[in-house]
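**Q** next one to model:
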Amino acid sequence: MDHACYLEDEGSVHLQINESRKLSETCGSNTIFELQSSPENRESNAESVSSAPMVGAPEKKLTLFALRLSILEKSATGLGTLGFIWATVVLLGGFAITLDETDFWFITIILLIEGTRIFSRSHELEWQHQATRSITDAGINSFRALTSSSHILAGKVKALLCPLSLIRKHSQNTREMTQVDHSQVERWNHTRTPTRTWISSDVPFLPYGQWVFLSINISKLLYWLQLLSATACVVLSSMKLIKHNYGEVQKGDTDKRNRQSALNIFYALALAEALLFLMEKAYWEWKVIYCKLLEEVNKECEFGPSGMVSIKRFFYDAYSKCVNGSIFDGLKMDIVTFAMDLLASNSPDEQLIGARILCQFAISERYSDDTLQKIGINLTVVARLVEMLNWKDPQEEEIRKSAAEILSKLAGKKQNCLRVAGIPGAMESISSLLQTNRSYGDGADEIGEKNLLLDHANYSFWTFNHLGLLILKKLACDHGNCGKIGNTRGLLPKIIDFTHAEEKLLRDENVASSQILTVKRSLQVVKMLASTTGATGKHLRKEISEVVFTISNIRDMLRHGEKHPMLQKLSIEILTNLALEEEATERIGGTGGVLKDLINIFLNQQTPEQKNHVRRAAGEALAMLALESRTNCHRILKLQALERLVQALEVPLLRVTAARVLRNMCTYSGAECFHQLKGVIAAVPTVLKAIMSEENKLQEAMVGLAAQVFNHLTSEESSIMFDKAGIKEDELATALVQILQKHRHPSAKVPRIRRFTIELATWMMHYNVKNVYIFKDLEMEKELEGLLETTTELESFNIFSCSVGIIRHSTTIHSLVETALKLLKDR
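**A** The predicted structure is shown next:
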């Protein structure tokens, strides 16, 4: 399958390249430093509900047609049975000796004709069924074999010895495969393993008799035989009813007295039965040939040209039920249940028909809701679909692809997502879709080279990679499923292998969209796993960071992915989430160039406006990596980025994030970096002005930065900075009291503002005794005492994972308040 063409087929999985706005919202729009939305809502795909209006099932037209035909058929059969009984019991039993010779032979011929018609009718549906079983566009090749007129004798002999289904199906699309381990590819070149039973389409009834004994041809033969039989019956019965030449009855001959009436009744029954049958056939031809009912239903079902086989099969099944059982049995059929039954069959063709129907209905906007609901509540069908993911026979490629597409849609619904993941071995089956083909190293001191399979001439690996990642992405919306993904042996390394993109691929303007989509989906999955909360999230972040390629793959994306801002943003968010763990933080900082690339992205003033979201994400990652990490703070200082970070405080887009980075550097760098951080003094005027004029997030960030920056200033430097900012100390004190008055209760949007305000007020009272009296006059003591009554756990954490606090502050807010109250009371 051509990579560029894959996106045209991507309607089957309903994910397009221009979905970038959705992909970035894995856990809401908030940052990791703020309280976020519930994890259940972190991925819109998991709970997306189609608003498509309810539409009627198109197959109802077929079941109604089958009902009407069965009424005519059963009426004709009833009359035929009555006529048969009348002829055998009354005429041949009571008048056999007295019948005229012509009447005897007419009755005999009509009975033989009717017997032939009834027999052929009873078997026609069977052969019609067989025709739809064995002739499909991508199934058994018995039909395709007929179109080849160049079979040599050796080929015919071979056809007798092995099933025709073993002939290799060749794709019309050319495919490529790069960097392939040939020993692994040979497995995709084998033909289907012979089954232990015959497939009807493969049975050699007679040598060289494939064409004659094709189901479709036998069905047509029986069809015309019925028409000829019914026509002959009409002609013979009409001749007798018109002429009434039953022979003369002598007076007093009581044996022949009722012969004429009995013959009239028989010929009338035979004529009525034949006319009803011809009426049924005329109605059939009118609806099927002239009105094109089957084509109309196929169009409404959106099956395409290959769907006619499925429609015919469904119709014949419905008609058979109406004829063989109650005439209302067919009305109980629906095409989704019909397809699910076929999916459980042992016949490859029936499995293919069922998979095609369910796949098309699952991706259809009109029918997907009802279809997915029916599949979701049938655990047997879900388990069957999961099992099909393991079918790697090239002959079963379409069945496997359809099953993967159905599951990708099924996993988009929350309840169904849980059901899919709950099937034993589901994660292993999904993992089998991903083909990265990393070889084993020669020893424990090396890792095998990754040979990424694109497409083979006989198999579309790339398509299954896409679908496997899409299923995992949707399953990862659930916390429990994330744990299962992480616990599946070999799955995490596979996913991370797909996050790798070489410089050539990232810089190529003509790169196939499908390749970029694969990288994007893998990054999404890794991001969702890394953002998982609780003990599961901690375990997953550890597992992800321990894969040796994780951080280096992300570094390549940061360094060369400027043409793909969404990929860069996802990569940066992965780093931010991994940094929740201390070991991962050190690994990221210790990977050469990661911090430098993040700083370059964050502070690059040439970045177009549409890529600003990448800059913000880079800033958040830097702030996270500097949090409680002395070594990373030292690394950032060595990159000589302090001055540029201070300048970023003047840029509206970067102010909040730059303030967080600088605060963490001032807090966690340690005393040995005191002189290196002197450059942050230049930020004081900007910080003070923002505290006085701004609100919410920016004000919180600036108050927090000020509380740490002033610790690096002497009394003289502090006075100079207040003068340079044009702000007096009592004005700042008033602003701080007003902040506490405004936020009498903790705020989810600015959970640290009260803590930072107390820290800054405490510094001011230490710095200048006069400030103690200023705060007393402003009734600061009253505000602090009121604050003690309203503290919550919300104010105890540095960062949050959704609604769960992650890294706790080293000093409790109660301790800060008590320190401030002590200063106020001691003076």
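**Q** in three-state terms, label residue 748 for me.
**A** Following DSSP: H, G, I helix; E, B strand; the rest coil, we place residue 748 in the coil state.
**Q** tell me the pLDDT of it.
**A** pLDDT for residue 748: 86.
**Q** look up how far residue 807 lies from it.
**A** 17 Å (C-beta to C-beta, to the nearest Å). Where C-beta positions appear, they are placed from N, C-alpha and C, glycine not excepted.
**Q** and residue 759, by the same measure?
**A** For residue 759, the distance to residue 807 - C-beta to C-beta - is 17 Å.
**Q** of these two, which one has the most company?
**A** residue 759 (23 against 18; other C-beta atoms under 10 Å).
**Q** helix or strand: which one has the more buried one?
**A** Using DSSP states H and E, residue 759 maps to helix 753-767.
**Q** hey, C-alpha coordinates of stretch 747-758 in CSV?
**A** Extracted C-alpha coordinates of stretch 747-758, given in CSV (Å, rounded to 0.1, in the frame of the first residue of the first chain):
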residue,chain,number,x,y,z
SER,A,747,-8.0,29.0,44.3
ALA,A,748,-7.6,26.1,41.9
LYS,A,749,-6.4,28.5,39.2
VAL,A,750,-3.6,30.1,41.4
PRO,A,751,-3.1,27.5,44.2
ARG,A,752,0.3,28.9,45.3
ILE,A,753,-0.4,32.6,45.4
ARG,A,754,-1.1,32.8,49.1
ARG,A,755,2.0,30.8,49.9
PHE,A,756,4.2,33.1,47.7
THR,A,757,2.6,36.2,49.2
ILE,A,758,3.5,35.1,52.8
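**Q** got the contact list for it?
**A** Identification of contacts with stretch 747-758 by C-beta atoms under 8 Å, 6 or more residues apart in numbering yields 34-35, 696-697, 699-700, 703-704, 707, 736, 739-740, 743, 746, 784, 787, 794-795, 797-798, 800, 809, 813, 816-817, 820.
**Q** which ones among these map onto helices?
**A** Using DSSP state H, the members of these that fall in helices are 696-697, 699-700, 703-704, 707, 736, 739-740, 784, 787, 813, 816-817, 820.
**Q** so what's the closest residue to residue 712 other than its chain neighbours up against?
**A** Spatial nearest neighbour of residue 712, excluding adjacent residues (C-beta to C-beta, 6 or more residues apart in numbering): residue 677 at 5.5 Å. Neighbouring residues of residue 677 by C-beta under 8 Å, 6+ apart: 637, 642, 665-666, 669, 712.
**Q** now for the following helix or strand past the helix holding residue 759, which elements pack on it?
**A** The element immediately downstream of helix 753-767 (helix or strand, assigned by DSSP H and E) is helix 770-777. Packed against helix 770-777 by the contact rule (3 or more C-beta pairs under 8 Å, 6 or more residues apart in numbering; DSSP states H and E) you find helix 729-742, helix 753-767, helix 813-826.
**Q** now the second one: buried residues?
**A** Residues 753-765, 767 are the ones in helix 753-767 that count as buried (16 or more other C-beta atoms under 10 Å).
**Q** hmm, back to that, gap between the helix holding residue 759 and the chain center?
**A** Centroid displacement of helix 753-767 relative to its chain, using C-alpha atoms, centre = their mean, to the nearest Å, is 51 Å.
**Q** quick one: low-confidence ranges for this protein?
**A** Scanning the chain for pLDDT under 70 picks out 1-30, 32, 34-55, 89-101, 116-219, 222, 244-259, 437-459, 827.
**Q** sec struct for the spatially most central residue of the chain, please.
**A** With distances taken as C-alpha atoms, centre = their mean, residue 408 lies nearest the centre of the chain, 2.7 Å away. Following three-state DSSP, residue 408 is assigned to helix.
**Q** I'd say it and residue 467 touch.
**A** Yes: counting by C-beta atoms under 8 Å, residue 408 does reach residue 467; the two are 5.6 Å apart.
**Q** hmm, back to that, now, which of the ones in helices among the contacts of stretch 747-758 sits nearest residue 368?
**A** The closest of the ones in helices among the contacts of stretch 747-758 to residue 368 turns out to be residue 697 (C-beta to C-beta; 40.5 Å).
**Q** burial measure for the closest one, as a count.
**A** 19.
**Q** can you offset everything so residue one is 52?
**A** Sounds good: first residue 52 from here, last item residue 748.
**Q** any idea how far residue 563 lies from residue 521?
**A** 17 Å.
**Q** and for residue 554?
**A** 26 Å.
**Q** which one of those two has more residues nearby?
**A** The neighbour count for residue 554 versus residue 521, taken as other C-beta under 10 Å, is higher for residue 521 (28 against 11).
**Q** that one - nearest residue in space that isn't next to it in sequence?
**A** Leaving aside its sequence neighbours, residue 521 is closest to residue 459 (4.7 Å, by C-beta to C-beta, 6+ apart).
**Q** likewise residue 109?
**A** residue 351 (3.7 Å).
**Q** any idea which element that neighbour lies in?
**A** Going by DSSP H and E, residue 351 is part of helix 344-352.
**Q** what does that helix rub up against?
**A** By C-beta under 8 Å, 6+ apart, helix 344-352 touches 109-110, 112-113, 116, 338-339, 355, 358-359, 361-363, 366, 386, 408, 411-412, 418.
**Q** same thing but at 7 Å, please
**A** 109-110, 112-113, 116, 338-339, 358-359, 362-363, 366, 411 (C-beta atoms under 7 Å, 6 or more residues apart in numbering).
**Q** just the strands in the protein please.
**A** For the chain, strands defined by DSSP state E occupy the ranges 851-852, 855-856.
**Q** tell me the most buried of the ones you listed?
**A** strand 851-852 (a mean of 22; mean count of other C-beta atoms under 10 Å).
**Q** parallel or antiparallel, list what pairs with that one.
**A** Neighbouring strands of strand 851-852 in its sheet, by DSSP bridges, are strand 855-856 (antiparallel).
**Q** in stretch 787-796, what counts as buried?
**A** Buried residues in stretch 787-796 (16+ other C-beta under 10 Å): 787-788, 790-791, 794.
**Q** nearest spatial neighbour of residue 126, skipping sequence neighbours?
**A** Closest residue to residue 126 apart from its sequence neighbours, by C-beta to C-beta, 6+ apart: residue 327 at 5.5 Å.
**Q** how near is the one you found to residue 367?
**A** Taking C-beta to C-beta, one finds residue 327 at 21 Å from residue 367.
**Q** so who does residue 674 touch?
**A** Contacts of residue 674 by C-beta under 7 Å, 6+ apart are 708, 711-712, 715.
**Q** with adjacent residues omitted, what lies nearest to it?
**A** residue 711 (4.0 Å).
**Q** separation between that neighbour and residue 700?
**A** 11 Å.
**Q** one more: residue 435?
**A** On the measure of C-beta to C-beta, residue 435 and residue 700 end up 60 Å apart.
**Q** neighbour-wise, which of those two wins?
**A** residue 700 (22 against 19).
**Q** wait, the more buried one touches residue 709, no?
**A** Yes: at 5.3 Å, residue 700 and residue 709 qualify as touching, with contact defined as C-beta atoms under 7 Å.
**Q** ok, the closest residue to residue 603 other than its chain neighbours - contacts?
**A** Among residues not flanking residue 603 along the chain, residue 642 sits closest, at 6.5 Å (C-beta to C-beta, 6+ apart). Contacts of residue 642 were listed using C-beta under 7 Å, 6+ apart, and they are 602-603, 606.
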